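Enquirer: fold the following for me, if possible:
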Amino acid sequence: MTEVIIAESEREAGAIYAKCVADLIERKPDCVLGLATGSSPLAAYQELARTITERGLDVSRVRGFSLDEYAGLDPKHPESYHSVIERTVIEPLGLDPELVHVPNGDLATIEHAGKAYDAAIEAAGGIDVQILGIGTDGHIGFNEPGSSLASGTRIKTLTEQTRIDNARFFDGDVDQVPTHCITQGIGTIMKARHLVLLAFGDGKAEAIAETVEGGVSSFCPASALQLHPHATVIVDEQAAARLRNKDYYRYAYAHKPAWQGI
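Expert: Predicted coordinates:
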């Protein structure tokens, strides 16, 4: 089953992720990280940056692949995921920007961009740890409800709710939010060796309950994590509010051998 960790704060959740990734970098200096944007991963990246500095880790060979990108948005736009990844991941962690990849949202070439991106991930040896956020409707990446659980990287139409949720990044103006994106598919995401999903706040409680304890369905794309051999869901108390088995999740994590990590 999916491992569930109920953290006291976003910072604690971020520290759990940071230790996992820092240990990986120490073991495998050329590891491949799956990267996500949005608000949920920010504390994790901040904690990882601090841990890298404290432990003096060499990240010069670390590679990365972003989950998604808006279609038709200039990569230099401050809210393009090229820009966001550079601002929130590459610069704070000190990664080599030449080794960090974001899907190509250029409308002139987007028809073939998905297959090219999946091929690039495969050529890199696959993703070691993929960080994920989750939408209020259970989407991961930009795989909206109804997305195939076997899908590869492809262009998708964003739901109106996702555009409304993301309007906060575009001065609150939903009309500025693109209607299409290119995103890693559920099938692509599931190929990562370790999935770490972060969720905070009561607005994510229903999506987390469906993801962890509901049926596996394309109408809650994140529920595919139940089929993954190594998936970790880290949430705060508010996001965990609707989980039926909270006591067991706390008990299992409290008694987990330290050598197992997450």
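
Enquirer: C-alpha only now, for contacts and for neighbours.
Expert: OK.

Enquirer: and the contacts of the helix or strand of the chain with the lowest mean pLDDT?
Expert: None of the helices or strands of the chain scores lower by mean pLDDT, DSSP states H and E than helix 160-166, at a mean of 86. By C-alpha atoms under 8 Å, 6 or more residues apart in numbering, the surrounding residues in contact with helix 160-166 are 135, 174, 177-179.

Enquirer: following that helix, which helix or strand shows up next?
Expert: On the C-terminal side of helix 160-166, the closest following helix or strand by DSSP states H and E is strand 180-183.

Enquirer: next helix or strand past that following strand?
Expert: Sequence-wise, the next helix or strand downstream of strand 180-183 (DSSP H and E) is helix 186-189.

Enquirer: outside of that following helix, which residues touch it?
Expert: Here helix 186-189 makes contact (C-alpha under 8 Å, 6+ apart) with 118, 130, 140, 143, 147-153, 221, 224.

Enquirer: stretch 48-64 now?
Expert: Outside stretch 48-64, the residues touching it (C-alpha under 8 Å, 6+ apart) are 14-15, 17-19, 21-22, 25-26, 29-35, 92-96, 99-101.

Enquirer: now the stretch 101-250 of the chain, which segments are flagged as low pLDDT?
Expert: Counting by pLDDT under 70, the stretch 101-250 of the chain shows no low-confidence range.

Enquirer: tell me where it has strands.
Expert: Assigned by DSSP state E, counting those that start in this stretch, the stretch 101-250 of the chain shows strands spanning 129-132, 154-157, 180-183, 194-199, 231-236.

Enquirer: for these, give me TSV that also has mean neighbour count and distance to residue 255.
Expert: Formatted as TSV, these follow (neighbours: other C-alpha atoms under 10 Å; distance: least, C-alpha to C-alpha, whole Å):
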stretch	mean neighbour count	distance to residue 255
strand 129-132	24	23
strand 154-157	20	41
strand 180-183	25	37
strand 194-199	24	20
strand 231-236	24	16
